[in-house]
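# Below is the sequence, then the predicted model.
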Amino acid sequence: MSAAQRLARLREKLDGHNLDAFYVSSPESASPVNRRYLSGFTGTNAYLLIARDGAAIATDFRYYEQAESQAKGYRLYKTTGAMDKWLPGLLEGLGGKRIGFEAGHVSYQTYRVMRKVVQDLPEQQRPKLIATTNMVESLRTIKDAQEIAALQAAITLGDEAFAHVAQRLEPGWTEKQVAWEIEKYVREHGGDALSFDTLVGAGERGAMPHCFPTDRKLKQGEGVVIDMGVDLGGYMSDLTRTIFLGKPDDKFTRIYDTVLAAQQTAQELVEAGMTGEQAHLLAHKVIQEAGHGEHFGHGLGHGVGLQIHEAPRLGQTSKDILADEMVFTIEPGIYLTGWGGVRIEDVVVMEGGKARVMSHAPKLVTAAA
């Protein structure tokens with residue numbers, strides 16, 4: 001989908017919200033991602049003003065050429081100095097118009113500057129600032145074919161990085177070494193970055209769902225939870241696998257099989273039209289019936305795209321409606337304090353009302369057997 005098509009979709013939403021224009025701020029929170037989605041601009045500082053009859057990208061000297069090259073169809077507005085110096089010019093011609101801004105991504109201090117700029121304009125030249133939420137994020141939940149292909153490329157590289165390291169790690173490696181070998185492989189094979197710092201939890205530390213790696217050494221006869229992701233061309237992957245060093249014992253096998261059954265049940269039964277809560281309960285019921293309901297405390301999954309966590313959310317109380325062309329994770333887990341944990345995570349895409357699994361990294365890898 002081209003930037004022009006995305007702008008057309010956004011303008012349809014402006015109609016529904018009685019807005020005349022939309023302002024995308026930067027560089028706060030998710031705004032750089034929304035800006036990239038709407039314009040194609042990948043720099044670190046720029047602002048968008050999208051009206052019904054045109055769109056402008058405002059940036060400083062460092063990004064003039066980049067903005068002109070990447071933000072096709074946008075008028076370049078050159079900024080100098082602080083916001084209060086250049087924003088009045090960007091708003092010229094919008095007196096009396098309703099301009100939406102991203103309430104979730106504008107700090108209070110920035111909002112104060114924006115409001116003062118408007119108040120200092122002559123009365124007939126003042127637009128009205130209207131707080132909005134999820135205007136762009138709601139568009140981003142539905143992925144086009146190019147985005148799905150980009151996500152698949154990132155997922156495939158992540159699968160390859162995991163498989164490469166899982167085949168090599170052995171007792172004596174530290175958690176940090178596991179994380180470094182994953183990052184090294186990603187960088188050496190074309191990845192732009194990791195989509196987040198790799199999480200590694202060995203043995204009892206696997207009971208912490210977000211376990212940052214330490215100098216703790218891996219031991220024979222224990223499980224290791226690895227949660228990793230790849231940033232490739234701005235699109236993210238997310239993958240969790242739990243391996244075992246040696247031959248899995250009965251307890252590990254029992255818990256692993258429960259988590260795997262919960263994941264497979266959710267992948268097979270999740271449907272378009274379900275809420276995120278209903279999808280979550282598909283897996284939670286399996287784990288609960290195995291006696292571990294209280295040991296699965298996080299949501300089943302989350303959307304993945306230009307951000308590692310985005311809509312939809314799959315979890316208790318989530319009213320997000322799942323639809324075709326949404327891409328999200330399915331990642332149940334069981335975590336037992338003092339023993340460790342098991343989590344298995346794949347990325348799926350909804351197609352024809354059902355989930356198609358995009359992740360293909362091996363499961364239940366045994367290393368140093």
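On my side now, so go ahead.
# pLDDT below threshold where in the stretch 201-350 of the chain?
Within the stretch 201-350 of the chain, the set of residues satisfying pLDDT under 70 is empty.
# go on, the stretch 1-150 of the chain?
In the stretch 1-150 of the chain, residues with pLDDT under 70: 26-31.
# which stretches of it form strands?
21-24, 47-51, 54-59, 75-78, 98-102, 128-132 (DSSP state E, counting those that start in this stretch).
# ok, F196 touching I308?
Yes. Using Cβ atoms under 8 Å, F196 is in contact with I308, at 5.4 Å. C-beta: built from backbone N, CA, C; applies to glycine.
# any shared contact partners between these two?
Among the neighbours of F196, those also in contact with I308 (Cβ atoms under 8 Å, 6 or more residues apart in numbering) are G229.
# which of the strands of the stretch 1-150 of the chain sits most buried?
strand 21-24 (a mean of 26; mean count of other Cβ atoms under 10 Å).
# Who are the packing partners of that strand?
helix 3-16, helix 31-39, strand 47-51, strand 98-102 (3 or more Cβ pairs under 8 Å, 6 or more residues apart in numbering; DSSP states H and E).
# any idea of the angle the second one forms with strand 47-51?
It refers to helix 31-39. If you take axes from the mean of the first three to the mean of the last three Cα atoms, to 10 degrees, helix 31-39 sits at 40 degrees to strand 47-51.
# Where does the residue most central in space within the chain sit: helix, strand or coil?
Nearest to the geometric centre of the chain sits I308, at 2.2 Å (Cα atoms, centre = their mean). Classification of I308 using DSSP: H, G, I helix; E, B strand; the rest coil returns coil.
# how near is it to R62?
The span separating I308 from R62 equals 27 Å under the rule Cβ to Cβ, to the nearest Å.
# and if you look at L38?
For L38 relative to R62 (Cβ to Cβ), the value is 20 Å.
# E331 now?
Distance from E331 to R62, by Cβ to Cβ: 39 Å.
# quick one: which of those two has more around it?
In this view E331 and R62 are compared by other Cβ atoms under 10 Å, and E331 has more residues nearby, 26 against 12.
# which residues does that one contact?
238, 240, 263, 300-301, 343-346.
# What number of residues are in the vicinity of the closest residue to it other than its chain neighbours?
Nearest residue to E331, sequence neighbours excluded (Cβ to Cβ, 6 or more residues apart in numbering): E345, at 3.4 Å. Each residue near E345 was counted by other Cβ under 10 Å, and the total is 22.
# Repeat that for M236.
The burial count for M236: 26, using other Cβ under 10 Å.
# Is L199 in contact with V224, as I believe?
No. L199 lies out of contact with V224 (Cβ under 8 Å); the separation is 10.8 Å.
# So if I had to pick from these two, which one is more boxed in?
V224 (25 against 21).
# Tell me where the stretch 51-200 of the chain has helices.
Ranges of helices within the stretch 51-200 of the chain are 64-70, 83-90, 108-120, 137-140, 145-166, 175-188, based on DSSP state H, counting those that start in this stretch.
# how much distance is there from the longest one to the middle of the chain?
A distance of 15 Å separates the centroid of the chain from that of helix 145-166, by Cα atoms, centre = their mean, to the nearest Å.
# That helix vs helix 175-188, what angle?
130 degrees.
# Quick one: residues in contact with helix 145-166.
The contact list for helix 145-166, computed with Cβ under 8 Å, 6+ apart, reads 1, 143, 178, 181-182, 185-186, 189-191, 195, 226, 228-239, 241, 243, 304-305, 325, 327, 347, 349, 358-362, 365, 367.
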